[in-house]
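> just the structure for this:
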Amino acid sequence: MTVALGMAFGLAASPAGHAAGTEPGAHGVQSSHSHQSRPHATWTSKDAAAFWTPRRMAQAAPPERGAAAAAVSSQQAPTAEHFDGIPSVGVLFSVDGDAREHHCTASVVHSPHGNLILTAGHCNPGARAAFVPQYRSGEDGRPYGVWAIEDTYAYSDRATDGDGADLDFAFASVAPDDSGRRIEEVTGANVLTGTPGYRNQVSVIGYPSVHSDPADRAVRCATTTRRLAGTRQLQMECNGFYGGTSGSPWIAGYNPRTHTGRVIGVIGGVNGGGPRGPHSDRTSYSPYFGKEILSLYDRASRAGDREEEEGD
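Next up is the predicted model:
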């Protein structure tokens, strides 16, 4: 899979991938990775399901992205629609101090060991971190289970401003369920793909927090991306991507039968994924997926090789 994905990056990003690598401020793979490991034996998916009950999840709400309350929708931009979600996209929950948080959105990405999810780099999960695919509010809010987050992989110099905003993405491995299944076996997965250029047709799927959107449901929007002027990032316009949607995948070639596609971006980057002010829900950003994310993906994938060797 690592070889195949490398080939996919080379094909999808050419010639734009070469241009991105030489743009002013572009990062090279020399940036250092950071790896946060949790004690696997003491935090399992069974523990995560017991802790993140439907009631506790419904009470979790992060601060809004940006500084303003919900804005009036723009008639010049499409508006995200509520729907029941898809299995490969869900919510990150964790505990930060005394606050239980609907932390961010994440999605399952195809990997050799079937255990990786992708989110924004600034979505640093706290204690009792878990991923809930196709989250729904209410007693049936965990149709595909609750998966304990084990390790996280990100760039140590990631940021939400300056050059570090181009590295605002991260991977996490999740623990198997009680039956020993990997998450990809249960939910399916999107294929990580290099951004083919700045203009793309995408479906963006995310989970605003109940604090920002009382419906407490997934939202989706079909839209066209363009370049965020002066940066190495993508921009899309769609009303309704409030706080909680950081890490939402930008999916190209979405297949309604398999509910998967090629993920070419995530909500993240400058200011944590959008402008500040009264229209922060309307405009969203994504780092350009180039050699940096492939390097990070390879590191996260190789960690799974080591874990299997230790288990033998």
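
> where do the strands sit along the stretch 151-300 of the chain?
170-174, 191-192, 201-206, 218-224, 226-227, 233-237, 249-255, 260-266, 283-287 (DSSP state E, counting those that start in this stretch).

> go through those and name the closest to Q76.
strand 233-237 (7.5 Å; C-beta to C-beta). For glycine as for every other residue, the C-beta is placed from the backbone atoms N, C-alpha and C.

> each with direction, which strands does the closest one pair with?
strand 226-227 (antiparallel), strand 283-287 (antiparallel) (DSSP bridges).

> pick the most deeply packed of the ones you listed.
For the strands paired with strand 233-237, the largest average neighbour count (mean count of other C-beta atoms under 10 Å) is found in strand 283-287, namely a mean of 27.

> give the rounded mean pLDDT of it.
Taken as a whole, strand 283-287 has an average pLDDT of 97.

> list of residues touching it?
For strand 283-287, the surrounding residues in contact (C-beta atoms under 8 Å, 6 or more residues apart in numbering) are 165-169, 204, 225, 228, 232-238, 241, 245, 248, 250, 265-271, 273-275, 293.

> tell me which entries of the residues you listed lie within helices.
Per DSSP state H, helices hold the following members of those: I293.

> and the contacts of strand 283-287, which are buried?
165-169, 204, 225, 228, 232-238, 241, 245, 248, 250, 265-271, 273-275, 293 (16 or more other C-beta atoms under 10 Å).

> thinking again about what came up before, same list, the strands of the stretch 151-300 of the chain, but as JSON lines with distance to H103 please.
Compiled in JSON lines, the strands of the stretch 151-300 of the chain are given as follows (distance: least, C-beta to C-beta, whole Å):
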{"stretch": "strand 170-174", "distance to H103": "11"}
{"stretch": "strand 191-192", "distance to H103": "21"}
{"stretch": "strand 201-206", "distance to H103": "12"}
{"stretch": "strand 218-224", "distance to H103": "15"}
{"stretch": "strand 226-227", "distance to H103": "28"}
{"stretch": "strand 233-237", "distance to H103": "22"}
{"stretch": "strand 249-255", "distance to H103": "16"}
{"stretch": "strand 260-266", "distance to H103": "14"}
{"stretch": "strand 283-287", "distance to H103": "17"}
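
> mind checking which of the ones you listed is nearest R158?
strand 170-174 (7.6 Å).
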